[in-house]
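Q: Next comes the sequence, and after it the predicted model I'd like to discuss.
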Amino acid sequence: MNTGSLQILTWDIADSTYSFEVTICFQQLATKLDFYAECDIWRQFGRELQTFPLSLTHEVTLQIQQAEMALELTAFCYDNEGHAALRVMVNDNRVQPGPYRLEFAIPTDIGGLNELGRKLAGWSLHAYDEFYGEFHTS
């Protein structure tokens, strides 16, 4: 069953700096956030997701913190049977009348997180590019 999605649109700004527009959906919830960052943030997150979980308490986190916004994605196991989810936390003080804060978790299979990691780690960004991944449970 499809439980959510991650879409990343990119625009090359200079050298290895990109503008990212990230849209994350879960059931009726959706959040969209744009920011500037180095392209390697997604590859590093992907490499870490490929080996998730090393234990039931292991977490993999992507954290982007800028002056008036923050995005945090955390893969974690939420029970002793190894069920996993991706926690999404967004804080955007640029939105008026703001602030805009949203937190939710998308249940997903561990294999799906590993596959998302493989795709992100191998993603060779281009000047204008798009990445799309879905989350599933059995």
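A: Looks like it arrived, so ask away. Everything numeric in this text was worked out from a predicted model, so none of it was measured.
Q: pLDDT score assigned to the residue lying farthest from the centre of the chain?
A: Among the residues of the chain, the one whose C-alpha is farthest from the average of all C-alpha positions is P97, by Cα atoms, centre = their mean at 25.6 Å. Each residue has a pLDDT score; the one for P97 is 81.
Q: Any idea how far stretch 38-56 is from the middle of the chain?
A: With Cα atoms, centre = their mean, to the nearest Å as the basis, the distance from the averaged C-alpha position of stretch 38-56 to the chain average is 10 Å.
Q: Can you list the buried residues in it?
A: Under the neighbour-count criterion of 16 or more other Cβ atoms under 10 Å, stretch 38-56 has 39, 41-43, 45-50, 52-53 buried. Bear in mind the C-beta positions are built from the backbone N, C-alpha and C, glycine included.
Q: for the record, mean pLDDT for that stretch?
A: When the per-residue pLDDT values of stretch 38-56 are averaged, the result is 95.
Q: now do the same end-to-end measure for it.
A: With Cα to Cα, to the nearest Å as the measure, stretch 38-56 spans 30 Å from end to end.
Q: what sits up against that stretch?
A: Contacts of stretch 38-56 from elsewhere in the structure, counted by Cβ atoms under 8 Å, 6 or more residues apart in numbering, are 8, 10, 16-18, 58, 60, 62, 64, 73, 75-77, 80, 82, 84, 110, 113-114, 116-123, 125, 131.
Q: switch the cut-off to 6 Å
A: By Cβ atoms under 6 Å, 6 or more residues apart in numbering, the surrounding residues in contact with stretch 38-56 are 16, 18, 60, 62, 75, 77, 113-114, 116-118, 120-121, 125.
Q: Now the element after the helix or strand E115 falls within, going C-ward?
A: When secondary structure is defined by DSSP states H and E, E115 falls within helix 110-121. Toward the C-terminus, helix 110-121 is succeeded by strand 128-136 as the next helix or strand (DSSP H and E).
Q: Off-centre distance for that next one?
A: With Cα atoms, centre = their mean as the basis, the distance from the averaged C-alpha position of strand 128-136 to the chain average is 10 Å.
Q: Tell me which other helices or strands that strand touches.
A: strand 2-14, helix 110-121 (3 or more Cβ pairs under 6 Å, 6 or more residues apart in numbering; DSSP states H and E).
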